[in-house]
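K.L.:
Show me how the following folds:
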Amino acid sequence: MPLLVLVLLLWLAPAAGASATTVTVLTIDGAISPASADYLARGLKRAADSGSRLVVLKLDTPGGLDTAMRDMIKDILASPIPVATFVSPGGARAASAGTYLLYASHVAAMAPGTNLGAASPVQIGIGGHENEPAAPPAPAGSVPDGTLPASSSQPSTMTLKQFHDASAYIRSLAQLRGRNADWAERAVREAVSLSADDALKVHVVDLVATDVSDLLARVQGRRVSVNGSTVTIDVAGAEIVPFAPDWRTRLLLAIASPSLALVLMMLGVYGLLFEFASPGYVLPGVVGAICLLLGLFALQMLPFTYAGLGLILLGIAFFVAEVFVPLSGALAVGGLVAFVIGATILIDTEALGEGVSLPLVLTIAGASALFILVVVGMAVKARRQPVVSGAEELTGRRGEVLADFTGEGWATIHGETWRVRSAVPLTGGQPVRVTRIEGLTLDVEPLTPLERNT
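P.N.:
Model (predicted):
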């Protein structure tokens, strides 16, 4: 009998361990980008595969890309596990795209000393000005009927489309989760923000918690709708399992940095320029091609402006032109100005929350000018120098025929005796010039009387 009890206990032990309650914690700290969307998607899948009861998304973001944000919201809405977005720690924010993520989550929570809001879309790229609001601000308390207030400056059709789309999108998320839809639209219309306590009072978020443990205690027993079904959150005694970004996510997050994207792109340009100026080194071309592709990949994940990218390329073109067409530094100065302005406005800081620092821009601009004007310039000048050794150096050289011959004979050229070939008969002592080299035989022609006197 004791042996049977022991066998039953050993059989039940793995089952008990397998049913242990877990909570998966994801952390996004920084701008919303495709790397963030990829991290969230894999984190939700990992949580579902491991049987977690809840996913806590710790969030601290200034905003980010609209496309990445919408991908993340789709993943949250399709998640079979409740998702609690938690703006934490104290001092964190869920601005712009972060506000949408809060509204989309099954549970919206904030830590004391945090804020959310400022969800107005901004225009970037061609057709809009950086940091330009998507629409004129609406007066406080305006009716959220999807119309814009009268304004002396009429927004463009594209601006209106962006504005209405953003307003309708966040309102639909608020209605889905039963949260304050009027304030959500004000966050888009007027770019307003709220502190954690104020957000709780006006029912923008569900609760305020000090940390993840406090959050779990407050959501215990809460009923939420998950894919159309009502689910009761049960995380009593749950084990908190953090899901850290792997090397792939860390790489994507690293190269999605505006500063690193610019550095990679410039290294790529430098490497290819050096390889084209001095073919044969191979390594600069290989490294340059890899860096350029990584830089362009990072750039397509960032809210960049075409005007900024165009000015950077124009500045590089001016640097290269200065090497080939020296104009007392005019092109070099123009290249510096174009490059600095282009790099400064390359990234939309309002949409991303960060940009390329000015000291880095000035450093790269100076390094660009130095590299192209000095290194590439020296390589180009070296290629223009006449050949001073080898067989190629003999072309154009003058010599003297040793003896009369017709067809082929011998001549002294550059202090050496060479077998020569001529289309016309030559006499001994007649000056000739080398026109072509074929193996160890030189084709020559006689000098004219005028050439003999020079």
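
K.L.:
drop to CA atoms for contacts and neighbour counts, all remaining ones
P.N.:
OK.

K.L.:
how close does the residue nearest to residue 100 when sequence neighbours are not counted sit to residue 117?
P.N.:
In space, and not counting its chain neighbours, residue 100 is closest to residue 170: 6.2 Å by C-alpha to C-alpha, 6 or more residues apart in numbering. Residue 170 is 11 Å from residue 117, where distance means C-alpha to C-alpha, to the nearest Å.

K.L.:
more neighbours, the two?
P.N.:
Higher neighbour count among residue 170 and residue 117: residue 117, with 27 against 24, using other C-alpha atoms under 10 Å.

K.L.:
and the nearest residue to the more buried one once chain neighbours are set aside, what does it touch?
P.N.:
Once flanking residues are discounted, residue 117 sits nearest to residue 193: 4.1 Å by C-alpha to C-alpha, 6+ apart. Shown in contact with residue 193 (C-alpha atoms under 8 Å, 6 or more residues apart in numbering): 115, 116, 117, 118, 187.

K.L.:
taking the residues you listed one by one, which sit in helices?
P.N.:
Using DSSP state H, the subset of the contacts of residue 193 located in helices is residue 187.

K.L.:
Tell me the first helix or strand C-terminal of the worst-scoring helix or strand of the chain on mean pLDDT.
P.N.:
Lowest on mean pLDDT, DSSP states H and E among the helices and strands of the chain sits strand 132-133, with a mean of 44. Toward the C-terminal end, the helix or strand that comes next after strand 132-133 (DSSP states H and E) is helix 157-177.

K.L.:
how about the helices of the stretch 1-150 of the chain, start to end?
P.N.:
For the stretch 1-150 of the chain, applying DSSP state H, counting those that start in this stretch gives helices covering 2-18, 34-50, 66-78, 97-104.

K.L.:
coming back round to it: now do the same for the residue nearest to residue 100: its pLDDT.
P.N.:
Model confidence at residue 170, given as pLDDT, is 91.

K.L.:
didn't it look like it was pressed against residue 102?
P.N.:
No. If you go by C-alpha atoms under 8 Å, residue 170 and residue 102 don't touch, sitting 10.1 Å apart.

K.L.:
Need the CA coordinates for stretch 441-454. PDB is fine.
P.N.:
The C-alpha trace of stretch 441-454 is given here as PDB (Å, rounded to 0.1, in the frame of the first residue of the first chain):
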ATOM      1  CA  THR A 441      57.900  43.100 -79.700                       C
ATOM      2  CA  LEU A 442      57.300  46.800 -79.900                       C
ATOM      3  CA  ASP A 443      55.500  48.500 -82.700                       C
ATOM      4  CA  VAL A 444      57.200  51.800 -83.600                       C
ATOM      5  CA  GLU A 445      56.800  54.600 -86.100                       C
ATOM      6  CA  PRO A 446      59.400  57.200 -87.200                       C
ATOM      7  CA  LEU A 447      59.300  60.700 -85.700                       C
ATOM      8  CA  THR A 448      58.300  63.600 -87.900                       C
ATOM      9  CA  PRO A 449      60.900  66.400 -88.400                       C
ATOM     10  CA  LEU A 450      58.800  68.600 -86.100                       C
ATOM     11  CA  GLU A 451      58.800  66.000 -83.300                       C
ATOM     12  CA  ARG A 452      62.600  65.500 -83.600                       C
ATOM     13  CA  ASN A 453      63.100  69.200 -82.700                       C
ATOM     14  CA  THR A 454      61.000  68.900 -79.500                       C
END
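
K.L.:
which outside residues touch it?
P.N.:
418-424, 426, 430-437.

K.L.:
ok, back up a step: any idea how far the residue nearest to residue 117 is from residue 114?
P.N.:
Distance from residue 193 to residue 114, counting by C-alpha to C-alpha: 11 Å.

K.L.:
Pull out the buried positions in stretch 80-92.
P.N.:
Within stretch 80-92, the residues that count as buried by 16 or more other C-alpha atoms under 10 Å are 80, 81, 82, 83, 84, 85, 86, 87, 88, 89, 90, 92.

K.L.:
out of those residues, who's nearest residue 107?
P.N.:
Using C-alpha to C-alpha, residue 84 comes nearest to residue 107 of the buried residues of stretch 80-92, at 4.4 Å.

K.L.:
Just give the nearest non-adjacent residue to the closest one, would you?
P.N.:
residue 107 (4.4 Å).

K.L.:
What's the local residue count around the one you found?
P.N.:
Residue 107: 21 surrounding residues under other C-alpha under 10 Å.

K.L.:
That one touches residue 81, doesn't it?
P.N.:
No. Residue 107 lies out of contact with residue 81 (C-alpha under 8 Å); the separation is 11.5 Å.

K.L.:
Could you measure from residue 445 over to residue 414?
P.N.:
Plainly put, residue 445 is 16 Å away from residue 414 if you go by C-alpha to C-alpha.

K.L.:
Counting neighbours, go ahead and name the busier of these two.
P.N.:
Using other C-alpha under 10 Å as the criterion, residue 445 and residue 414 rank with residue 445 on top: 20 against 13.
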